[in-house]
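Asker: how would this look folded up:
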Amino acid sequence: MSFNEVAFQTRLDALTTSQESIETLSMWMQHHRKHAPQAVAVWLSQLKSGTVGKRMKYIYLANDVLLQTHKQHHEYTQAFKHVLQEACTQLYQYAFIAKIASHCSIFGC
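Answerer: Below is the predicted model:
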């Protein structure tokens, strides 16, 4: 199966905070790592337009993808490094400072 932005948006919409859900979508993203710039652009777009509850799910997903790929595959590291500060800024606008502070410090925001 090739990467499809609409299919990825659908998967992001279906994402839950369960570890299984996050790991499953993370593995799907890793499988499509050659499309990392497009995937991260869709991820950021969904984060910006998502409800307050969905935004944390997207941060958890990015965290898992980066933790799983940073040693061997750098496509997502390169793609996320350009958008994480903006993503964290989006979240800081809300009352999530305590929840995202640890994730943002990991990402270097």
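Asker: pull the longest helix from this structure.
Answerer: If you go by DSSP state H, the chain has its longest helix at helix 52-69.
Asker: using PDB, write down the CA coordinates of that one.
Answerer: Only the C-alpha atoms of helix 52-69 are listed here, as PDB (Å, rounded to 0.1, in the frame of the first residue of the first chain):
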ATOM      1  CA  VAL A  52      -8.200  20.300  22.000                       C
ATOM      2  CA  GLY A  53      -8.400  16.600  23.000                       C
ATOM      3  CA  LYS A  54      -6.900  15.400  19.700                       C
ATOM      4  CA  ARG A  55      -3.900  17.600  19.900                       C
ATOM      5  CA  MET A  56      -2.300  15.600  22.700                       C
ATOM      6  CA  LYS A  57      -2.800  12.400  20.700                       C
ATOM      7  CA  TYR A  58      -0.800  13.800  17.900                       C
ATOM      8  CA  ILE A  59       2.000  14.800  20.200                       C
ATOM      9  CA  TYR A  60       2.000  11.300  21.700                       C
ATOM     10  CA  LEU A  61       2.200   9.900  18.100                       C
ATOM     11  CA  ALA A  62       5.100  12.200  17.100                       C
ATOM     12  CA  ASN A  63       6.900  11.200  20.300                       C
ATOM     13  CA  ASP A  64       6.600   7.500  19.500                       C
ATOM     14  CA  VAL A  65       7.600   7.900  15.800                       C
ATOM     15  CA  LEU A  66      10.700  10.000  16.800                       C
ATOM     16  CA  LEU A  67      11.700   7.600  19.600                       C
ATOM     17  CA  GLN A  68      11.400   4.600  17.300                       C
ATOM     18  CA  THR A  69      13.200   6.100  14.300                       C
END
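Asker: what does the helix or strand following it contact?
Answerer: Toward the C-terminal end, the helix or strand that comes next after helix 52-69 (DSSP states H and E) is helix 75-81. Under the contact criterion Cβ atoms under 8 Å, 6 or more residues apart in numbering, helix 75-81 has outside partners 29-30, 33-34, 36-37, 39-40, 62, 65-66, 69-70, 107. For glycine as for every other residue, the C-beta is placed from the backbone atoms N, C-alpha and C.
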